[in-house]
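Asker: Need the 3D shape of this:
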Amino acid sequence: MSDKVAGCRNARKMPAVRRKPIGGSGSDLITERVARAGATLPLVFQPAADGLDLAEWAVENLPLLEKRLYRHGAVLFRGFRVRDISDFNRAISAVSGDTVKYQEHTSPRSHVEGGIYTSTEYPAEQTIFLHNENSYQQAWPMKFFLFCERPALSGGATPLADCRRVFENIAPEIRDLCIRKKWMLIRNFGDGFGLTWQDAFYTQEKPAVEEYCRRNRIDFEWKGGDRLRTRQLRPFVARHPRTGETVWFNHAAFFHTSALEKEVKDVLLEEFGEEDLPYSTCFGDGSPIEAAVVEEILEAYRRESVALPWEKGDVMLVDNMLVAHGREPFTGPRRVLVGMTELRGWNDI
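Answerer: Model (predicted):
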């Protein structure tokens, strides 16, 4: 249901304004450019000549990539030789090691192979608002990679927003309130809308679900008719373990009912009622998050939203704590694949 949240329409298209060559593999030159004056992301690396293998270049330039990633939050590799999933997997492994399994998911996607999945498979006309991957979980990927196997005919960009700047854009009194109260995600499975618990937890066994929930600090209750309700308490903000910076890192507004289009919200509330919605959020003490607070948060994301159209063969590396991402509506076929690495959790930071 969260795919109906509006806001990416104002993502700013960014012309390139600064370029400089940097040393690459052997004598290759790489163009490094910031997309526009005042923008911080994404940073674009592009080879001066065709045919440069991304995995090979990345291995020789890991210190540079890491430095740029922590500064900009997202790096787009354009024009490298990334032809298929095998090349994509090699690039991921070169930069960040093994991919991790996509657990406790909230949106439909397909498993491709190994640790590679399709991006969220919501209908093409719908917008997916900015969010950090799996920020509602006890553990999340620090890095994730996107590979454009097939760009859309139009639209379909992946907007980005720097979560350091999102944090700064939110009014201090609202930030303080959120930090003090934390937030809670409430999910209902098996009511006929959204994912089943079998799909979300990759099991048919209730004891396995219960063990996962205990291990990941999720309260659960089994309802009649093989239905499940979960509640998980999480912070609104986090401190990045490498940079030490404070980031806005949560799904509180993303899953809040006030972020839905009115007609969708009305239909869901009539069908399920507030308590049985597939997803909903509140403050950690159970009190409601006011619509004005949600709008302040959404607007902070919108002000920082930037997007570049995908090109075939593009690979994007995103620091999942520093940068939120979304999806614009599109036409025509579009296939963007995802791989995630380096699990971290609240105990680690």
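
Asker: Tell me where this structure has helices.
Answerer: Along the chain, counting by DSSP state H, helices occupy 54-60, 62-72, 85-96, 163-169, 172-181, 197-201, 206-215, 262-272, 291-304.

Asker: and those helices, which one is worst for confidence?
Answerer: Sorting the helices of the chain by mean pLDDT places helix 262-272 lowest, at a mean of 75.

Asker: and that one, which residues are buried?
Answerer: Lys265, Leu268, Phe272 (16 or more other Cβ atoms under 10 Å). Using the backbone N, CA and C atoms, a C-beta is placed for each residue, glycine as well.

Asker: One more: stretch 192-212?
Answerer: Phe193, Gly194, Leu195, Trp197, Gln198, Ala200, Phe201, Val209, Tyr212.

Asker: what's the spacing between that stretch and its chain's center?
Answerer: Taking the mean of its C-alpha atoms, stretch 192-212 sits 22 Å from the chain's own mean (Cα atoms, centre = their mean, to the nearest Å).

Asker: Over to stretch 140-149?
Answerer: The answer for stretch 140-149 is 9 Å, by Cα atoms, centre = their mean.

Asker: who touches that stretch?
Answerer: Here stretch 140-149 makes contact (Cβ atoms under 8 Å, 6 or more residues apart in numbering) with 82, 84-85, 88, 91-92, 95-96, 100, 119, 132-134, 158, 241, 310-321, 335-345.

Asker: Just the buried ones out of those, please.
Answerer: Among the contacts of stretch 140-149, those scoring as buried are 82, 85, 88, 91-92, 95-96, 100, 119, 132-134, 158, 310, 313-321, 336-344 (criterion: 16+ other Cβ under 10 Å).

Asker: and the residue nearest to Glu245 when sequence neighbours are not counted, how many neighbours does it have?
Answerer: Excluding the flanking residues, the one nearest Glu245 by Cβ to Cβ, 6 or more residues apart in numbering is Arg164, at 5.3 Å. Other residues lying near Arg164 total 20 when counted by other Cβ atoms under 10 Å.

Asker: same deal with Glu168?
Answerer: Glu168: 14 surrounding residues under other Cβ under 10 Å.

Asker: cool, and Leu64?
Answerer: Look at Leu64: counted by other Cβ under 10 Å, it has 16 neighbours.

Asker: And it, how far from Ala291?
Answerer: Separation of Leu64 from Ala291 (Cβ to Cβ, to the nearest Å): 44 Å.

Asker: How about Ser107: what's its closest non-neighbour residue?
Answerer: Using Cβ to Cβ, 6+ apart, the closest residue to Ser107 is Thr120 (4.4 Å).

Asker: My guess is that neighbour contacts Gly326. True?
Answerer: No. Counting by Cβ atoms under 8 Å, Thr120 sits too far from Gly326 to count as a contact (9.7 Å).

Asker: So between those two, which is more surrounded?
Answerer: Comparing Thr120 with Gly326 by other Cβ under 10 Å, the one with more neighbours is Gly326, at 24 against 18.

Asker: for the more buried one, what are its contacts?
Answerer: Gly326 neighbours (Cβ under 8 Å, 6+ apart): Gly7, Cys8, Thr127, Ile128, Phe129, Leu130, His131, Thr158, Pro159, Ser305.

Asker: How confident was the prediction at it?
Answerer: Predicted confidence (pLDDT) for Gly326: 96.

Asker: go on, Tyr122?
Answerer: Model confidence at Tyr122, expressed as pLDDT, equals 89.

Asker: In this structure it contacts Thr106, no?
Answerer: No. With contact defined as Cβ under 8 Å, Tyr122 does not count as touching Thr106 (11.4 Å).

Asker: Between those two, tell me which one has more neighbours.
Answerer: More crowded of Tyr122 and Thr106, by other Cβ under 10 Å: Thr106, with 21 against 18.

Asker: Quick check: the gap between Leu64 and Ala58.
Answerer: 9 Å.

Asker: Tell me where the model's unsure across this structure.
Answerer: 1-28, 36-37 (pLDDT under 70).

Asker: Give me the common contacts of Thr120 and Gly326.
Answerer: Residues touching both Thr120 and Gly326 by Cβ under 8 Å, 6+ apart: Ile128.

Asker: picking up where we left off before, right, so of the helices of the chain, which gets closest to Leu233?
Answerer: Of all the helices of the chain, helix 172-181 sits nearest to Leu233, with 10.0 Å by Cβ to Cβ.

Asker: What helices and strands are in contact with the closest one?
Answerer: strand 237-239, helix 291-304 (3 or more Cβ pairs under 8 Å, 6 or more residues apart in numbering; DSSP states H and E).

Asker: ok, and what's touching stretch 66-74?
Answerer: Contacts for stretch 66-74 (Cβ under 8 Å, 6+ apart): 32, 34, 40-43, 75, 160, 162-164, 242-243, 316-319, 322-323.
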